[in-house]
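In: Predicted model, plus sequence, below.
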Amino acid sequence: SNAKEDADIDMELAWEIEQGNSKIKVAVLDSGIKLDHPEFSGRIWFNNAETPNGTDSDNNGYIDDVNGWDFVEDDSTPVDVHGHGTNVAGILGANGDNGLGYSGVDMHCKIIPLRVLDGTNSGLYSWMAEAMYYAVDHGAKVINMSLGGSGYSMLLNDAADYAYEHNVVIVASMMNFNSNVPYYPAAFDNVIAVGSTDADDRRSDPFFWDANSGSCFGNHIDVVAPGNFMYGLSHNSNTNFESYW
């Protein structure tokens, strides 16, 4: 009832200018993604330097990493067993104009799935930092991190600086705990910190799933965008488009 006109991101107007480029690689550091989802068909990055033969063909320290890496299980299949990563990746890059589901913001980029969150949606800074270096070293131009921790980490900060020095953009969630506690990597100087708004064009406070939740705030904020009641892809179904986060 309090929805405000033009509180969206004007995606249709943006698509008239740019719909994405298949030469651009976007690394999604999250809980993995549903690799066989038709909305990701033709969109998952393929490491042409690697040959899937049980050895580290390209000598990069990762065996058979043809479609990214799972830093949680330390293997070459970054499959999503939680759901968060598939949801995030779908909003970012689901296929458009294919008669299925809905379009992501970018309809053409290649997605590098890098799993840094386990089945409980938790992860170690060491996994995240290693994945950031991997993303930069394998040609990502954007790193998306819809995650964060409240403890400062020099290891993570160094990885963020490494990306910045290589002209790689890192976009990170400010988190959803309704406080001004700085979460990392969002609070690092060289990271774009993103907050969430509702249909009334104000800060999400609360989110629909918890009366005590809310988009975090603070002086490190860089940009806000709609982030409540966001429909997303399912990690355990190719045909369910009815769930939202």
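Out: Received, thanks. Numbers count the residues shown, from 1 in each chain.
In: For the closest residue to Thr120 other than its chain neighbours, list the residues it contacts.
Out: Leaving aside its chain neighbours, Thr120 sits nearest to His82 (7.4 Å; criterion: C-beta to C-beta, 6 or more residues apart in numbering). For glycine as for every other residue, the C-beta is placed from the backbone atoms N, C-alpha and C. Contacts for His82 (C-beta atoms under 8 Å, 6 or more residues apart in numbering) come out as 31-32, 117-121, 235.
In: The same query, at a cut-off of 7 Å, please.
Out: The neighbourhood of His82, defined by C-beta atoms under 7 Å, 6 or more residues apart in numbering, consists of 31, 117, 119, 121, 235.
In: same thing with Gly96?
Out: Contact analysis of Gly96 by C-beta under 7 Å, 6+ apart lists 19, 103, 107.
In: before we move on, what about Gly227?
Out: 196-197, 204, 215.
In: same thing but at 10 Å, please
Out: Counting by C-beta atoms under 10 Å, 6 or more residues apart in numbering, Gly227 touches 91, 146, 173-174, 176, 194-198, 203-204, 207, 215, 245.
In: just the buried members of those residues?
Out: The neighbour-count criterion (16 or more other C-beta atoms under 10 Å) marks 91, 146, 173-174, 176, 194-198, 203-204, 207, 215, 245 among the contacts of Gly227 as buried.
In: and which of these is nearest Ala186?
Out: Within the buried ones among the contacts of Gly227, the smallest distance to Ala186 is 4.9 Å, found for Met174 (C-beta to C-beta).
In: what two of the contacts of Gly227 are the furthest from one another?
Out: Taking C-beta to C-beta as the measure, the contacts of Gly227 span a maximum distance of 19.1 Å, between Ile91 and Arg203.
In: what comes up buried for stretch 230-245?
Out: 232-235, 241, 245.
In: Now do the same for the nearest residue to Asp200 once chain neighbours are set aside: its pLDDT.
Out: Spatially, and ignoring its direct neighbours in sequence, Asp200 is nearest to Asn2 (4.4 Å; C-beta to C-beta, 6+ apart). Here the pLDDT value assigned to Asn2 is 85.
In: rewinding a little: now pLDDT, neighbour count and secondary structure too, for the contacts of Gly96, in TSV please.
Out: As requested, these are arranged in TSV below (pLDDT from 0 to 100; neighbours: other C-beta atoms under 10 Å; DSSP: H, G, I helix; E, B strand; the rest coil):
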residue	pLDDT	neighbour count	secondary structure
Gln19	97	15	coil
Ser103	97	19	coil
Met107	97	19	coil
